[in-house]
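# Task: produce atomic coordinates for the following.
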Amino acid sequence: MDSVETEIPQVEKVILEIVYQDEFLVAVNKPAGMLVHRSWLDRHETLFVMQTLRDQIGQHVFPLHRLDRPTSGVLFFALSSEVASKVMPLFAGREIKKTYHAIVRGWITEAAILDYPLVTEQDRIADKKATKEPEAKEAVTEYKPLAEVEVPFSTGRFPTSRYSLIEMKPHTGRKHQLRRHMHHLSHPIIGDTSHGDGRHNRLFREHYDCHRLMLHASELSFTHPITGLQVTIKAEFDEVWLRLMSAFEWQVE
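Here you go, the predicted structure:
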């Protein structure tokens, strides 16, 4: 199993790409490898989206949801606690629609909806004193294939390896839901060191200089709780994504 899930350049100053901002809300295109906020589990880290964005726009921000550290894409904040209290229920009530893209092992030929309950993953440090066994909770993911590729590199008994570009729309928000659901389907996401396949992760590192999780939160859509307008926020693919899509001759509208 791999030990490094993603890499982030150690630079003194990071300028976040703001993909949406009004007087109530702000969203950024989170870089892969950047933590959302400080955590005692990652005390050695010095770069965080919350603090960086606060310093960049000159005001406090209030997180409305989270993205795993290795995941890139749309990350959403309120600009006041009052607005946060209005938006948080939209996430809880599944009124905010999310779209992700991922590169996975193997070819997926048909669109489908996976309804597969997940037991909450417990942190080995934070939850080590928990005595009650967590119960499986509803977890639903809609997915569809967008493109496929066969590359001339082997990861086992076959001389080539196959991969798919897929779009995913989670209907629920369980921890690591997309990563665990794709693992359940035997189509693990490339670069996933917790639920993925080390042979394929290694292929991408060695042949494509790809050292990260290939999961991107590409779009977020909702009805603005203050203005009532329909809002769609999009985050473009980063350099690693664009390089791979060029190598595989993939195009996404």
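
# CA only for contacts and neighbour counts going forward, please
Noted.

# The stretch 1-150 of the chain: helices as residue ranges?
Using DSSP state H, counting those that start in this stretch, the helices found in the stretch 1-150 of the chain span residues 49-57, 81-92.

# Counting neighbours, which bits of the longest one end up buried?
Under the neighbour-count criterion of 16 or more other CA atoms under 10 Å, helix 81-92 has Val83, Ala84, Val87, Leu90, Phe91 buried.

# try the shortest one
Buried residues in helix 49-57, defined by neighbour count with 16+ other CA under 10 Å: Val49, Met50, Gln51, Thr52, Leu53.

# Need those residues in CSV (columns: pLDDT and distance to Ile108).
Listed next are these as CSV, based on pLDDT from 0 to 100; distance: CA to CA, whole Å:
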residue, pLDDT, distance to Ile108
Val49, 95, 34
Met50, 94, 36
Gln51, 93, 39
Thr52, 95, 38
Leu53, 96, 38
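
# that older thread, so which of the helices of the stretch 1-150 of the chain comes closest to Gln230?
Gln230 sits nearest to helix 81-92 of all the helices of the stretch 1-150 of the chain, at 13.2 Å, using CA to CA.

# Restricting to C-alpha, output the closest one in CSV.
Presented in CSV, the C-alpha positions along helix 81-92 are these (Å, rounded to 0.1, in the frame of the first residue of the first chain):
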residue,chain,number,x,y,z
SER,A,81,-22.2,32.9,10.8
GLU,A,82,-25.7,34.1,10.1
VAL,A,83,-25.4,33.1,6.4
ALA,A,84,-23.7,29.8,7.4
SER,A,85,-26.7,29.0,9.5
LYS,A,86,-29.0,29.4,6.5
VAL,A,87,-26.8,27.4,4.1
MET,A,88,-25.8,24.4,6.3
PRO,A,89,-29.4,23.0,6.2
LEU,A,90,-29.2,23.0,2.4
PHE,A,91,-26.3,20.5,2.6
ALA,A,92,-28.1,18.4,5.3
